[in-house]
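Peer 1: Quick one: sequence plus predicted model below, questions after.
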Amino acid sequence: MSLENFHNKGSHNREKIYYLEASLSGLAKWLRFMGYQVELEEDKITPEKIWKKQDRIFLVTSAQTAKQLEKFNLSYLLLPRGPLKAQIFFVIHKLGLEPKLTLDLCSLCGKKLIPVKKEEFRGRIPLKVWKRYNEFNYCANCDKLYWEGDHIKGIRKKFQTLLKG
Ligand SMILES: [Zn+2]
């Protein structure tokens, strides 16, 4: 079932897992920044993989894959091939996603970040960062620490640019 004309504004979108073809790694990153659960395929999407991921929502640019998904009667959205800006707009609009950054998922693995006390990570935080920031999040899966730094400011700015029509 193509979600092309499926106007879903439900908040339960966050419980769904979006399964993206390999070429959509840029989009995958932004969906994670927006707090949506994403799995990025690293190789070709085959019928065997489709069979194992039936409960996912497939995001693809390949019309051929879309045809297979149609045959299996699974939920999918066929996206335009680039640019990223057009893809983000398309996905937000078609799937009724919330166009806002939550930044609560690890951008590397997509697992939920845990808010932590900075004291627990004292040895790992550069002094400058320690003095300037109080909110820290941690990915136990990647053993990575996140904080609201210049990098995040850059992400927020880029997101605004991407959302502008
Ligand atoms: Zn992670």
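Peer 2: Sure, I can see it.
Peer 1: Packing partners of the longest helix seen in the chain?
Peer 2: Of all segments of type helix in the chain, defined using DSSP state H, the longest is helix 150-163. Helix 150-163 is packed against helix 25-33, helix 84-95, with contacts defined by 3 or more CB pairs under 8 Å, 6 or more residues apart in numbering; DSSP states H and E. To be clear about C-beta, it is placed using only N, CA and C from the backbone, and glycine gets the same treatment.
Peer 1: Heading C-terminal from the last one, find the next helix or strand.
Peer 2: Toward the C-terminus, helix 84-95 is succeeded by strand 114-116 as the next helix or strand (DSSP states H and E).
Peer 1: what about the helices and strands packed on helix 150-163, which gets the closest to the ion?
Peer 2: Of all the helices and strands packed on helix 150-163, it is helix 25-33 that lies closest to the ion, at 9.7 Å by CB to the ion.
Peer 1: Which positions within that closest one qualify as buried?
Peer 2: For helix 25-33, a neighbour-count test (16 or more other CB atoms under 10 Å) marks 27, 28, 29, 30, 31, 32, 33 as buried.
Peer 1: wait, what's in contact with the fifth one?
Peer 2: Which is residue 31. For residue 31, the contact set (CB atoms under 8 Å, 6 or more residues apart in numbering) comprises 18, 20, 38, 91, 97.
Peer 1: Which two of the residues you listed have the greatest separation?
Peer 2: 20 and 97 (13.6 Å; CB to CB).
Peer 1: of those two, who's got more company?
Peer 2: Between residue 20 and residue 97, residue 20 has the larger neighbour count (other CB atoms under 10 Å), namely 24 against 19.
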